[in-house]
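Asks: Curious how this folds, go ahead:
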Amino acid sequence: MRSHPDACPGAVELHQAADGGLARIRVPGGTLSAAQWDVVRRAAQELGNGSLELTSRANLQIRGLADGFELGARLRAAGLLPSETHERIRNIIAAPLEDNQALVDEIDAALCADPLLADLPGRFLVTVGASVSGLGGDIGLVSDGDGPAAVLLLAGHDTGVRVTDPVDAVVTAARLFQEMRGTAWRLSEVDDGVRKITEYFGATSEALITPAVTPVAPSPLTPGVPLGRLDAHRLAGVPVRLTPWRSLVVPPGTDTSGLITDPASPWHGVSACTGRPGCAKSLSDVRADVQAWLDRPELSDPSATIGMGTRSPQGAFQSGSIPRPVHWSGCSRRCGRPAGDVIEFVATGDGYEEIK
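Replies: Down below sits the predicted model:
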């Protein structure tokens, strides 16, 4: 059980990082119109450090802010801040290549309309769709074949619950979690939490769904953003859909130069935390170290080294492809680690430790 509230930043309640204020903008379902995207881009240029960070929850971050008041006003005018009381809990990841944004919007509106849910932790997560069902959501929805029912996932698992009103089911499960959670941040941390919610609904079938993580492969239509950091001058006037794999769904014909569009690119599948100088807790300039690693011609050589004598992720690449994602962290908190089977390299102050 947690002993303190979570400190997840919001769009108005900033986190004070080493490089200034950090705002996290929730984008339920990841969909931004061209006008909304331009509002966020301009805010990053005019109020922040000129870049946008894509998160593993398909949200956006702006760094280097002096305060959140002007940013909040801009986001509110663009329809990106519908509720200041609930804005930190609007974490809804949707399968980015499915037609599900309308359902996401209904869930978002229903969560924001319930005063009790304003006190949910900022780590609370809802997933919508099969391809994101393995991302460890507290509550998840997956279509149950061709019928009207939906699979209700709890703490990332199919408990056999099937629902015909998915919006009401998510709100009900969220209320039950809030009522029983104490100081826990996630449903998985609550003793017997999943069982209690399952019993409330009553399981109507066997647990048949195996949650899975299905990344969107880089292509001209779903370009990846190297290390999740995008120059805010890019993609002006383009509607986008953010994915939890730090890539974008964009219209055909969009200029994707500078982004990852080749599935064999060494940048594909590599992620990293902010590192120095943006994070005071980081023990290294992680992004520079990743760049140095990727630039080495002897990348696949098992004897290659990086940092202060620690071997590089020698098993991460095979003939230009990555068998599984690689994440680099500047300290033991391992911020930004993607879900699923990941090779990790964690800074120790004397190189990097490999965690498999």
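
Asks: What is the burial count for residue 57?
Replies: Neighbourhood size, residue 57 [other C-beta atoms under 10 Å]: 22. C-betas here are computed from N, CA, C, even on glycine.

Asks: Which neighbouring residues are in contact with it, exactly?
Replies: 91, 93, 125, 244 (C-beta atoms under 8 Å, 6 or more residues apart in numbering).

Asks: Look at the third one and say how many residues are nearby.
Replies: Yep, that's residue 125 we're talking about. Neighbours of residue 125 under the rule other C-beta under 10 Å: 21.

Asks: cool, and the last one?
Replies: Taking other C-beta under 10 Å as the criterion, the count of residues near residue 244 is 25.

Asks: Could I get the contacting residues of the closest residue to it other than its chain neighbours?
Replies: Spatial nearest neighbour of residue 244, excluding adjacent residues (C-beta to C-beta, 6 or more residues apart in numbering): residue 58 at 4.7 Å. By C-beta under 8 Å, 6+ apart, the residues touching residue 58 are 27, 29-30, 93-94, 96, 242-244.

Asks: Over to residue 339?
Replies: Shown in contact with residue 339 (C-beta under 8 Å, 6+ apart): 56, 134-136, 213, 244.

Asks: quick check, residue 35 in a helix?
Replies: Yes. Assessed with DSSP: H, G, I helix; E, B strand; the rest coil, residue 35 lies in a helix.

Asks: farthest pair in the contacts of residue 339?
Replies: Spanning the widest gap among the contacts of residue 339 are 56 and 134, at 12.7 Å by C-beta to C-beta.

Asks: returning to what we had before: list buried residues within the contacts of residue 339.
Replies: By neighbour count, with 16 or more other C-beta atoms under 10 Å, the contacts of residue 339 hold 56, 134-136, 213, 244 as buried.

Asks: possible to save these as a markdown table with distance to residue 151, secondary structure and pLDDT?
Replies: A markdown table is the format used below for the buried ones among the contacts of residue 339 (distance: C-beta to C-beta, whole Å; DSSP: H, G, I helix; E, B strand; the rest coil; pLDDT from 0 to 100):
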| residue | distance to residue 151 | secondary structure | pLDDT |
| --- | --- | --- | --- |
| 56 | 23 | coil | 91 |
| 134 | 13 | coil | 94 |
| 135 | 15 | coil | 94 |
| 136 | 16 | coil | 93 |
| 213 | 16 | coil | 90 |
| 244 | 19 | coil | 94 |
